[in-house]
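Q: Make a model of this:
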Amino acid sequence: MDTVEYGIAHASRLMTDFAERTGLVGSQQSPQRYLWTDAFAVCNFLGLARLTGESRYLELARHLVDQVHHVLGRYRTDDARTGWLSGLDEREGEAHPTRGGLRIGKPLPERQPEEPLDHRLEWDRDGQYFHYLTKWMHALDQVSRATGDPRFNLWARELAEVAHATFTHGPPGRRQMVWKMSTDLSRPLVPSMGQHDPLDGLITCVQLEATRVLLSGAAAGPGPRRAVEDFAAMLHTTELRTDDPLGLGGLLSDAGRVAQLGTQGAFRDGTLLESLLTAALEGLSLYSLYGERSQPASRRLAFRELGLAIGLSSIGLIQPAVDERTAQQLMSATALGSELASFWLAPEHRAVRSWTEHRDINEVMLATSLVPEGYLVLEGFGGWRADVTDSA
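A: Modelled structure (predicted):
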């Protein structure tokens, strides 16, 4: 079995186990859904469908989308409120399941207005994260691109509309973002801004509009121009550099999307791609010096390192858009991605508590590092030129 076949076979086993363990398949009455993990899982199923030609993976992707919307698009079972987060009736909620956003899927209910903020406890409380919503927008959009079905892109654009409206605030030119909102999007739970949230918002909105144009039969729905303008303005004052492996992986994955969108006329001056790669290369240098790679598995967080491995897999998508010197710098980092994935493939490293306590997210992102195509590659490009990108 060659390396590619091994990666597909191992990713297939990981994703099959995940589907059974979390109630996506089988008779489990209360499926366990978590938005970040499920976004990567949808993309993994799409990638496996593309690589194997087996339709069952595409059906799993569709089924997971439906289950996420019916679990995380509605109030928790222990909440006094019921129904769709949007407040729509059952029929309209089914047609527009993302109009009220999507819950994170944390184990504890959200903090109530009268409760003081406990930063440690807040990590386990429900609510809505902007950077989780953009991951789900991307997953929905990838389903549209894989299937040609415009509904998923429409749902992603409706989610982008409500996320922009509720997570951003302030006067034009001085707008900011909230990191975490309440389940009903009525109040901030953590008011600080996520470092890369404007970046994720900008690139994702441009991508969604690109797909809408590509799918000529897509429903009109909301447009992203105002959101693109707001996110682009915030990005001018945002520090992109980080030595956090998950953040670095995000920068590289975003650079891969920008490079692909650039072939169709988006981000035409190359400034954003240059900024992303400058920040990523500086961060990779710091991570190589000070990262946790020399630590035992018990002191490392797999999903953060696997996020970097996934981002490094996008280098092949970036290279055609950059000069030879930058391409060589990027190529010199590719071995790191293989090193990280290989480390977490070792059974003894997956026996430690830091792995088992986060098994779902770790295994799904390990699968993504083995078959990154479904997450990284934007399918179905034609000759469109999205007018919305003029301001980006």
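
Q: tell me the centre residue of this structure?
A: What sits nearest the mean C-alpha location of the chain, by C-alpha atoms, centre = their mean, is Lys135, with 2.5 Å.

Q: Report the mean per-residue pLDDT for the helix or strand hosting that one.
A: Assigned by DSSP states H and E, Lys135 belongs to helix 130-147. Computed over helix 130-147, the mean pLDDT rounds to 97.

Q: Summarise which helices and strands the helix or strand following that helix is packed against.
A: Next helix or strand after helix 130-147 toward the C-terminus (DSSP H and E): helix 150-167. Contacts defined by 3 or more C-beta pairs under 8 Å, 6 or more residues apart in numbering; DSSP states H and E place helix 150-167 against helix 130-147, helix 197-214, helix 225-235. Quick note: C-beta positions are derived from backbone N, CA and C, even for glycine.

Q: contacting residues for Gly83?
A: Going by C-beta atoms under 8 Å, 6 or more residues apart in numbering, Gly83 touches Arg74, Tyr75, Asp89, Glu90, Gly93.

Q: how does it look with 10 Å?
A: Counting by C-beta atoms under 10 Å, 6 or more residues apart in numbering, Gly83 makes contact with Gly73, Arg74, Tyr75, Asp89, Glu90, Gly93, Gly100.

Q: what number of residues lie near the fifth one?
A: Same thing as Glu90. Glu90: 9 surrounding residues under other C-beta atoms under 10 Å.

Q: That one contacts Gly73, correct?
A: No: look at Glu90 against Gly73 with C-beta atoms under 10 Å: they stay out of range, at 12.0 Å.

Q: would Arg76 count as being in a helix?
A: No: counting by DSSP: H, G, I helix; E, B strand; the rest coil, Arg76 falls outside a helix, being coil.

Q: Quick check on it: phi, psi?
A: Main-chain dihedrals, Arg76, degrees, to the nearest 10: phi -60, psi 160.

Q: since we're on it, how many residues are nearby?
A: Arg76: 18 neighbours (other C-beta under 10 Å).

Q: give the contact list for it.
A: Thr82, Arg103, Gly105, Lys106, Leu108, Pro109, Glu110, Asp126, Thr183.

Q: State the number of residues packed around the nearest residue to the second one once chain neighbours are set aside.
A: By that I understand Arg103. Distances taken as C-beta to C-beta, 6 or more residues apart in numbering put Leu72 closest to Arg103, at 4.5 Å, once the chain neighbours are dropped. Leu72 has 25 neighbouring residues, counting by other C-beta under 10 Å.

Q: Read off the pLDDT value for Ser294.
A: Confidence score, pLDDT, at Ser294: 89.

Q: One more: Gln32?
A: At Gln32, pLDDT is 95.

Q: And for it, the neighbour number?
A: 15.

Q: How about the contacts made by it?
A: Here Gln32 is in contact with Arg21, Thr22, Gly23, Leu24, Asp38, Val71, Gly105, Pro107, Asp360 (C-beta under 10 Å, 6+ apart).

Q: among the residues you listed, who's most crowded?
A: Counting by other C-beta under 10 Å, top hit in the contacts of Gln32: Asp38 with 30 neighbours.
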